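Enquirer: From the sequence below, what's the structure:
(2 chains)
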Amino acid sequence: MNRVSRHSSLTNPSHAWTRFKDLLFSGPLEKAFSEFESLRKAFPAKPPPIKLYNSLLKASLKQSRPDLVSSVYKDMILSRVPIETRTLNLLMASLCESGRLGDARRVFDSMSEKGCKPDGVSFRVLVSGYCREGLSFRGLELLNEMGRFGCSPDRKIYNAVVSGFCRENKVVQAERLVERMVKGGVFPDEVTFTVRISALCKAGKVLEAYRIFQNMKGDNGSGFPRPDVVTYSVMLDGFCRKGMLDEAEELVALMKSDGLSMDVGCYNIWLAGLVRNGKLLKARSVLVEMVEKDVKPDVYSYNIIVDGLCKEGMVLDARSVLDIMRDNGISPDVVTYSCLLHWYCKKGDIAEANKTLEEMMRDGCFPSISTCNVLLQSLWKEGRISEAELLLEKMNEKGYSLDKISCNIMIDGLCKSGKLNKAIEIVDGMWLHGSAALGGLGNAFLGLVDHTTNGKKCLPDLVMYSTLIDGLCKAGRLDEAKKKFAEMLARNIAPIQLFTTHLYIITVSRVNCHRLFVSSEIWKRRVAIQIQKHITF
DNA sequence: ATAGGGTTAG
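Expert: Numbering: from 1, shown residues only, chains lettered A, B, ... in the order given. The predicted model follows:
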């Protein structure tokens, strides 16, 4: 930095703000913010121009820092800069991202009294917010309002709602909306089709999805958009999760012959598919291919490999991947360390687990709720209740709240330690109060439960019922187990869950009830048939 | 700022 600009930025606020802008676009956000605060203190009467405020909001949003977004916004109000539509769009995006849809809607509704008019972006932000939260009907309602504000829906906003309906399995609504798009002269593109393919794959209907994919592939002049890298990726993921590795490999070849090159996201799907199906050697060769093709593996790629190696018990190899990562300029993150931690906890190697935890903190990675769950499970399962409570208290202090996985861990622990009735009581309570039902377990839980900002409850799921039913069967309480199974079906929980690392399956026969871990295709089919039989019992 | 894809924990 030269002397002149340094000197002028100390005395001239507009130079200072120009210099600050460079810092914001080049340096880390933390640094920019501390500079922002000191400049605001140095020139309290000279706030930055509105454009800079907007950039600051945008940067905070991009880094997923809603706390910074709201502090910038508060500062804007205090310094009385005129608020623009753009500012409020950014604020709404941030509120949607942190699940505060109600607040986002209030901002939207108050736009006119702030002297701003909602534009196309305002609608897109809020509509996609609704759809992402599983409230596609509300998204559609808002889309229908656009005309009154002189806006007309474009392809992106239609796709957002179509995607929402597909995710919610509301096929008819999705198709109706596509028809309406066409009538309005907005033609479906590869995204419109890809969301449908994605939804079908997630529902386990991979062949149905493939039919649509083939329609897109075929050059019969039917007006279908061509599949792009994402379409291929979604299809590839579908095949991999069904264990259809031959089809997956064919698809990879097809994609290349189609003139498309795999990007890092697509490679990661392929890597994860191979690792999940035990093809670690092949995964390694794919990693080599990535480097050859100059597609740089990212933190996801390495984490997939680290996790795969840990699951195969090759923890030394997993550790060595961390060095390879660092050599390639990728820092291990909280997921990388959590994978190692999971392995050590599973082996009961407390010393190595603690070492990993320390290393993780030293590396600047803070434990996530998943990390806590790994520790919680390990302590809880070994009956180290007081240590588990200590962990929960710490989590409480740091502002974590229990999620679905944590709840399942607790229920599992109760079942395994013979407190079956307590477990049943809590699961019943969860239908009414979500994870708050765990509050009855003691003080350590009270602060941790249902602090979710979006008010969504943690409801019992297949894994939780599997745990309960398994516990009841082992205790010889078969009639109650059957009752729970029926209750589960009545609650619309399917007894078979696709797309998890392991397949959780419950079979209830007259004499016994098993919860099985099944990973081979033949077994999946066989058990699926058994389940068909039981659904009617 | 804005539609579709990828990693960990039961």
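Enquirer: Show me chain A divided up by domain.
Expert: Domain segmentation of chain A under automatic domain parsing yields A:261-367, A:465-537.
Enquirer: Next, the buried residues of stretch A:217-228.
Expert: A:217, A:224, A:227, A:228 (16 or more other CB atoms under 10 Å). For the C-beta atoms, the positions are set from N, CA and C on the backbone; glycine is no exception.
Enquirer: Output those residues in CSV, with pLDDT and secondary structure appended to each entry.
Expert: Below are the buried residues of stretch A:217-228 laid out as CSV (pLDDT from 0 to 100; DSSP: H, G, I helix; E, B strand; the rest coil):
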residue, pLDDT, secondary structure
A:217, 90, helix
A:224, 88, coil
A:227, 96, coil
A:228, 96, coil
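Enquirer: need the residues of the stretch 1-150 of chain A near DNA strand B, please.
Expert: Within the stretch 1-150 of chain A, the positions lying close to DNA strand B (CB under 7 Å from any atom of the strand) are A:58, A:61-62, A:85-86, A:89-90, A:93, A:121, A:124-125, A:127-128, A:132.
Enquirer: please redo it, this time with the cut-off set to 10 Å
Expert: When proximity is defined by CB under 10 Å from any atom of the strand, the stretch 1-150 of chain A lies next to DNA strand B at A:54-55, A:57-62, A:84-94, A:96-97, A:119-132, A:139.
Enquirer: For DNA strand B, what is the nearest residue in the stretch 51-200 of chain A?
Expert: At 2.3 Å from DNA strand B, residue A:128 is the closest residue in the stretch 51-200 of chain A, using CB to the nearest atom of the strand.
Enquirer: State the distance from residue A:13 to residue A:19.
Expert: Applying CB to CB, to the nearest Å, the value for residue A:13 to residue A:19 is 11 Å.
Enquirer: Same check on residue A:52?
Expert: Residue A:52 is 11 Å from residue A:19, by CB to CB.
Enquirer: give the contact list for the spatially most central residue of chain A.
Expert: In chain A, the residue lying closest to the centroid (CA atoms, centre = their mean) is residue A:132, at 11.0 Å. By CB atoms under 8 Å, 6 or more residues apart in numbering, the contact set of residue A:132 is A:96, A:164.
Enquirer: ok, now the one 10 residues further on?
Expert: With CB under 8 Å, 6+ apart as the criterion, the residues that contact residue A:142 are A:123, A:126, A:127, A:130.
Enquirer: Identify the residues contacting stretch A:368-384?
Expert: Residues from elsewhere that reach stretch A:368-384 (CB under 8 Å, 6+ apart): A:334-335, A:337-338, A:341-342, A:345-346, A:348, A:353, A:360, A:367, A:385, A:387-388, A:391-392, A:395, A:400-403, A:405-406, A:409-410, A:412-413, A:416-417.
Enquirer: oh, I was asking about stretch A:222-240
Expert: By CB under 8 Å, 6+ apart, stretch A:222-240 touches A:188-194, A:197-198, A:200-201, A:206, A:209-210, A:213, A:215-218, A:245, A:247-248, A:251-252, A:254-255, A:258, A:260-263, A:265-266, A:269-270, A:272-274, A:276-277.
Enquirer: does any bit of that stretch sit next to DNA strand B?
Expert: Yes: Stretch A:222-240 lies within reach of DNA strand B by CB under 10 Å from any atom of the strand, at A:225-238, A:240.
Enquirer: try stretch A:186-195
Expert: Yes: against DNA strand B, stretch A:186-195 shows contacts by CB under 10 Å from any atom of the strand at A:186, A:188, A:189, A:190, A:191, A:192, A:193, A:194, A:195.
Enquirer: What is the three-state secondary structure of the nearest residue to residue A:60 once chain neighbours are set aside?
Expert: Distances taken as CB to CB, 6 or more residues apart in numbering place residue A:68 nearest to residue A:60, at 3.7 Å, with adjacent residues excluded. Classification of residue A:68 using DSSP: H, G, I helix; E, B strand; the rest coil returns helix.
Enquirer: how deep is residue A:333 tucked in, by neighbour count?
Expert: 18 (other CB atoms under 10 Å).
Enquirer: That one: what's it in contact with?
Expert: A:299, A:303, A:365.
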